[in-house]
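**Q** quick check, what structure comes out for this input:
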Amino acid sequence: MTTKLKITAIKPYPVWVGTRNQMLVKIETDQGIFGWGESGLSGREKAVAGAIEHYREFLIGRDPMQIGRIWQEIYRSQYFEGGRVLQAAISAIDIALHDIKGKALGVPVYELLGGKQRDRIPTFASTGDEAEGDAAIERARELRAQGWQAIRFFPVGQSSRDIFEPRESIGATASMLNRAREALGNDLVLGIDYHHRLSVAEAASFCNKLGRGVLDFLEEPIRDETPEAYESLRTMTDIPFAIGEEFASKWQFLPYIERGIHQFNRLDVCNVGGLTEAMKVAGWSEAHYVDLM
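**A** Sure thing, here's the model as predicted:
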């Protein structure tokens with residue numbers, strides 16, 4: 001490629017995926033190369049589409065190869081920067097720009113991030129919302145038979161379409177996990193995602209009902225707006241915390257990383273600001289020995 005690329009169009013596409021809407025973004029250029037990006041703010045796709053419309057006129061005619069410059073300009077170009085909606089839009093744009101740059105250079109995107117460092121990446125499978133109690137344990141057995149080495153459960157009662165009262169099922173959920181560890185053995189990584197539905201008191205009660213070593217990670221048991229709440233919970237349990245799926249900037253991760261509150265960063269590239277911002281969080285995580293999930 002010898003001629004400089006120019007952005008000619010930015011098109012948001014809300015799409016229905018399973019049980020929710022997702023927002024995809026297509027960025028087109030004057031040389032026929034295009035890139036796809038994704039916003040992680042499901043359920044707020046119309047707001048994200050509006051933010052993308054806001055950025056569109058600013059980006060038309062720009063060089064898509066200047067990814068870092070574009071990120072800084074669209075983040076800092078107005079007085080009120082940041083926030084989940086704007087960052088979701090920036091995430092989708094940033095991912096699409098990486099896609100374009102990789103295609104223009106004829107390399108996979110990971111080559112833009114320092115190159116491939118491993119041939120396989122451990123991932124986890126989830127038992128699903130509909131499987132509860134013994135059915136969830138049986139589903140975990142099936143996943144193990146398929147080769148999965150890390151499995152995430154969900155709370156009992158979460159699949160109900162009625163009001164979910166987590167305290168009412170804390171005992172049943174803890175009992176399920178205790179039985180799951182006994183049935184599946186100690187070699188599997190087991191976790192649960194509470195989708196920040198518990199209070200500090202409820203989360204402490206839940207953790208105290210678990211046998212030692214039952215859980216390898218507890219994902220987002222409480223809301224994350226106040227790091228001090230997690231610090232309080234940290235004094236009540238030694239179960240590793242996984243936090244950050246909803247974080248929309250490196251600055252939101254900062255107090256958790258630097259205070260040693262958690263052990264896993266639940267980094268969502270589609271929420272945090274795309275690959276550009278995610279790589280900065282990854283560097284901070286490495287420096288503080290916080291694992292990425």
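
**Q** could you use CA atoms for every contact and neighbour count after this?
**A** OK.

**Q** does residue 67 really touch residue 100, like I thought?
**A** No. Taking CA atoms under 8 Å as the definition, residue 67 is not a contact partner of residue 100, at 10.0 Å.

**Q** which positions within the strand or helix carrying residue 50 qualify as buried?
**A** Element membership of residue 50 [criterion: DSSP states H and E] is helix 45-59. Of the residues in helix 45-59, 45, 46, 48, 49, 51, 52, 55, 56, 59 count as buried by neighbour count, 16 or more other CA atoms under 10 Å.

**Q** residues touching stretch 204-218, excluding its own?
**A** Identification of contacts with stretch 204-218 by CA atoms under 8 Å, 6 or more residues apart in numbering yields 170-171, 174-175, 177-178, 181, 189-194, 233, 236-237, 239-242.

**Q** what does stretch 8-26 give?
**A** Against stretch 8-26 from outside (CA under 8 Å, 6+ apart): 27-30, 34-43, 45-46, 48-49, 52, 56, 60-61, 92-93, 96.

**Q** mind running it again at 7 Å?
**A** 27-30, 34-39, 42-43, 45, 49, 56, 60-61, 92-93, 96 (CA atoms under 7 Å, 6 or more residues apart in numbering).

**Q** next: stretch 148-158.
**A** 123-127, 129, 132-133, 140, 164, 169, 172-173, 188-194.

**Q** write the ChimeraX selection for whichever of the contacts of stretch 204-218 are buried.
**A** In ChimeraX, the members of the contacts of stretch 204-218 classed as buried (16+ other CA under 10 Å) are selected with the following command:
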select :170,174,175,177,178,181,189,190,191,192,193,194,233,236,239,240,241,242
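
**Q** which among the contacts of stretch 148-158 end up buried?
**A** Buried among the contacts of stretch 148-158 by 16+ other CA under 10 Å: 126-127, 132-133, 140, 169, 172-173, 189-194.

**Q** that older thread, among the contacts of stretch 148-158, name the ones in helices.
**A** 140, 172, 173 (DSSP state H).

**Q** make JSON lines from those and add pLDDT and distance to residue 255 to it.
**A** Shown next, in JSON lines, are these (pLDDT from 0 to 100; distance: CA to CA, whole Å):
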{"residue": "140", "pLDDT": "97", "distance to residue 255": "34"}
{"residue": "172", "pLDDT": "94", "distance to residue 255": "33"}
{"residue": "173", "pLDDT": "96", "distance to residue 255": "30"}
